[in-house]
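# Sequence plus predicted model, see below.
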Amino acid sequence: MVFPDGFLWGTATAGHQVEGNNTASDFWPLEHAPGSRFAEPSGDACDHYRLYRQDIALLKELGFTSYRFSIEWSRVEPEPGFVSRAAIEHYRDVLTACHESGLTPMVTLHHFTSPKWLPDLGGWESDETPERFAAHCRVVMAELGSLIPYAVTINEANIAVLTRRMLADRPAPEATEQAPVGADIADSLLGADLPNVFLFAFGDAGPAIARRAHVLARQAIREASPATKVGVTLALQDYQPEPGEEETARLRWAETFDDFLPSIDGDDFLGVQNYTRVRLGGTAEAEVERTQMGYEFYPQALENVLRKAAAARLPLIVTENGVASADDTRRVEFIRQATEGVHRCLADGVDVRGYFYWSALDNYEWMFGYRPKFGLIAVDRATQRRTIKDSAHFLGAIAKRNSLT
C-alpha cells in the first residue's frame, strides 16, 4: 500500500489555537467578554509563537514531510494599513525552520480569525473586506512568497453555510421560524452581547464574500509569487441520507461544495477537510462511539468525501482530518482507517496529493477550550512541556515509509 512519490505527510495547526496571546485578534475580546460561552480564554495557548523551532524539530524527528500553519492577519496588520515588520520576520523564521528541517510548508492566510479592527469596518459582511484581505495576502507573499510553496487563502471558506445550517437544524424550543444571521448567529452561539460582531464564521453574506475574497486573494498571491501553488479548503460532510432524504443530501452538498466550484476554477489544488459523517433522517444512533466533540467516530467519511470532491477536477489535499479523544489508541485506529481510505481512493484514480492530520498539538478548540484532545503531541499548559503520543509515532512511521502495512 505504497503512496506516490512526493506525497505530503503532515500535521496542521492554526495560529490563534497554538501561538498564544493573539490579543489583536477579533476572537480575543469575545473570549473575555461577560456572558461569553467560551469555556475559557486562549491565553498562552501552546506558546507556539515562541516554541515553534522545538515543535518543528519534533515533526521532523517523527518523520513528517510537511507542516501546515497559519500566518495571523492580526499580527501582520494589527492596525489598518500598518504592517508589523516584527511579525513578518517572525513568520520568515518559521518558514526557514521548516525548510531547514526538510518540511514543506503550507501556509493558511486566513484561519477563522481576523484583526479586531475589521468588525468596526463591517467585518465579513462588508463588500470591502475581500479587497482588504487580498491586500494582506499581497503583503505576505511579496515578503515571504519565495519560502511558501503552498498557500491556502481561506480555511473552510464554506463555514458560514455550515454554521447557519447547524442553527436552522436545532430542535425546539431553540429553533425559530427564521434562522438568525450575522451578528445574531454570533450572539446565539457565543452568548456575548457585543456590537459589530461580524466574524468570518457567522457572516450573513459570508459565502458570497468568502468566494470573492478567495478569487481576489488568489490573484494577489499569483502576482506576488507566481511559483506558489494556491488553493482553498472546504469543510465537507459525508451526508448519508435515509430513504426519502436523498434530495436533502443533494441540496446540502450543493450549498457546501457545488456553489463554490466557480470560484475555485483555476486553483492549483483543493483542500478537503472532514471529521465525520452526517446522517439525514431517521433516528440518531444512541450506541455509536462519540468523540470529545460529540460527533460520531467515523473515519470512513474521509474516503467518501474525497470521491465526491473529485468532481472539482483539481488535485486534492486532505488539509484536515482527525479525532478528539482522550484515548490515543482510538486516534491510532482513526488514522489507520482514514489513511487506508485515502489509499483506496488513489488506487481508483482519485488525485490525492497529501494528508495532514489535525492537529499537531493538543490546542485551543475555540468555544470548547482545551478539553478536546486532537493532538498527536500532548501539551502540559502549566509547563508547556511536549509529550509525543503513540499516534504521532504511528502516523510518522507511515510518513517515513510512504506506505501502509
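Cool, got the structure. The shown structure was predicted, so the numbers you read here are calculated from the model rather than taken from an experiment.
# Give me the most central residue, the protein.
By C-alpha atoms, centre = their mean, the chain has its centre lying nearest to residue 155, at 4.9 Å.
# Skipping its backbone neighbours, what lies nearest it in space?
residue 111 (4.2 Å; C-beta to C-beta, 6 or more residues apart in numbering). For every residue, glycine as well, the C-beta is placed using N, CA and C.
# where along the protein do the strands fall?
Listed in chain order, the strands of the chain (DSSP state E) span 8-12, 66-70, 104-108, 150-152, 229-235, 238-241, 269-273, 277-280, 316-320, 352-358, 377-380, 385-388.
# close enough to count as contact, residue 218 and residue 229?
No: when contacts are counted by C-beta atoms under 8 Å, residue 218 is not listed as touching residue 229 (10.7 Å).
# What is the neighbour count of the residue lying closest to residue 104 once chain neighbours are set aside?
Distances taken as C-beta to C-beta, 6+ apart place residue 66 nearest to residue 104, at 4.3 Å, with adjacent residues excluded. By other C-beta atoms under 10 Å, the residues close to residue 66 number 24.
# Beta-bridge partners for residue 66, please?
residue 10, residue 104 (DSSP bridges).
# Helices of the chain, residue ranges please.
Taking DSSP state H as the criterion, the chain carries its helices at 15-18, 27-32, 48-62, 73-76, 85-100, 129-144, 159-168, 183-190, 206-224, 246-256, 261-264, 301-309, 328-347, 390-401.
# got a list of contacts for stretch 388-405?
Applying C-beta atoms under 8 Å, 6 or more residues apart in numbering, the external contacts of stretch 388-405 come out as 1-3, 5, 7, 9, 58, 62-65, 328-329, 331-332, 335-336, 339-340, 343, 357, 375-378.
# What's the ChimeraX line that selects buried ones from those residues?
Buried residues within those, by 16 or more other C-beta atoms under 10 Å, are selected in ChimeraX with:
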select :3,7,9,58,62,63,64,65,328,331,332,335,336,339,340,343,357,375,376,377
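# returning to that earlier point: could I get the strands of the chain as a markdown table with distance to residue 19?
A markdown table is the format used below for those (distance: least, C-beta to C-beta, whole Å):
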| stretch | distance to residue 19 |
| --- | --- |
| strand 8-12 | 14 |
| strand 66-70 | 9 |
| strand 104-108 | 13 |
| strand 150-152 | 17 |
| strand 229-235 | 19 |
| strand 238-241 | 31 |
| strand 269-273 | 20 |
| strand 277-280 | 31 |
| strand 316-320 | 18 |
| strand 352-358 | 16 |
| strand 377-380 | 13 |
| strand 385-388 | 15 |
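# Quick check: which of the ones you listed is nearest to residue 259?
With C-beta to C-beta as the criterion, residue 259 lies closest to strand 229-235 of those, at 10.3 Å.
# Could you list which residues are in contact with residue 135?
Taking C-beta under 8 Å, 6+ apart as the test, what residue 135 contacts is residue 220.
# meant to ask about residue 79, not that
115, 117 are the contacts of residue 79 under C-beta under 8 Å, 6+ apart.
# ok, back up a step: how much space is there between the residue nearest to the centre of the chain and residue 346?
Separation of residue 155 from residue 346 (C-beta to C-beta, to the nearest Å) stands at 24 Å.
# can you check residue 16 too?
Counting by C-beta to C-beta - residue 16 and residue 346 are separated by 33 Å.
# Of the two, which one has the most company?
Neighbours per residue, other C-beta under 10 Å: of residue 16 and residue 346, the larger number sits with residue 16, 25 against 18.
# thought that one was touching residue 23?
No: applying C-beta under 8 Å as the test, residue 16 and residue 23 come out as separate, 10.6 Å apart.
# quick revisit: switch the helices of the chain over to TSV; also include mean pLDDT.
What follows is the helices of the chain, written out as TSV (pLDDT from 0 to 100):
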stretch	mean pLDDT
helix 15-18	98
helix 27-32	91
helix 48-62	98
helix 73-76	98
helix 85-100	98
helix 129-144	98
helix 159-168	81
helix 183-190	58
helix 206-224	95
helix 246-256	96
helix 261-264	98
helix 301-309	98
helix 328-347	98
helix 390-401	98
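# So in terms of bridging, what pairs with residue 387?
residue 378.
# How much space separates it from residue 266?
43 Å.
# Also residue 358?
From residue 358 to residue 266 the distance is 27 Å (C-beta to C-beta).
# Could you do residue 82 as well?
Taking C-beta to C-beta, one finds residue 82 at 32 Å from residue 266.
# the more surrounded of the two?
residue 266 (12 against 9).
# Buried residues of stretch 234-242, list them for me.
234-241.
# How far does it stretch from one end to the other?
End-to-end distance of stretch 234-242 (C-alpha to C-alpha, to the nearest Å): 24 Å.
# tell me the average confidence for it?
Per-residue pLDDT over stretch 234-242 has a mean of 97.
# show me the contacts for the closest residue in space to residue 157 that isn't next to it in sequence.
Distances taken as C-beta to C-beta, 6+ apart place residue 210 nearest to residue 157, at 4.3 Å, with adjacent residues excluded. Taking C-beta under 8 Å, 6+ apart, we find residue 210 in contact with 124, 154, 157-158, 160, 200, 203.
# Farthest pair within these?
124 and 158 (13.0 Å).
# returning to what we had before: same list, the helices of the chain, but as JSON lines with distance to residue 281 please.
Listed next are the helices of the chain as JSON lines, based on distance: least, C-beta to C-beta, whole Å:
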{"stretch": "helix 15-18", "distance to residue 281": "34"}
{"stretch": "helix 27-32", "distance to residue 281": "35"}
{"stretch": "helix 48-62", "distance to residue 281": "42"}
{"stretch": "helix 73-76", "distance to residue 281": "40"}
{"stretch": "helix 85-100", "distance to residue 281": "45"}
{"stretch": "helix 129-144", "distance to residue 281": "37"}
{"stretch": "helix 159-168", "distance to residue 281": "15"}
{"stretch": "helix 183-190", "distance to residue 281": "25"}
{"stretch": "helix 206-224", "distance to residue 281": "25"}
{"stretch": "helix 246-256", "distance to residue 281": "7"}
{"stretch": "helix 261-264", "distance to residue 281": "26"}
{"stretch": "helix 301-309", "distance to residue 281": "17"}
{"stretch": "helix 328-347", "distance to residue 281": "24"}
{"stretch": "helix 390-401", "distance to residue 281": "34"}
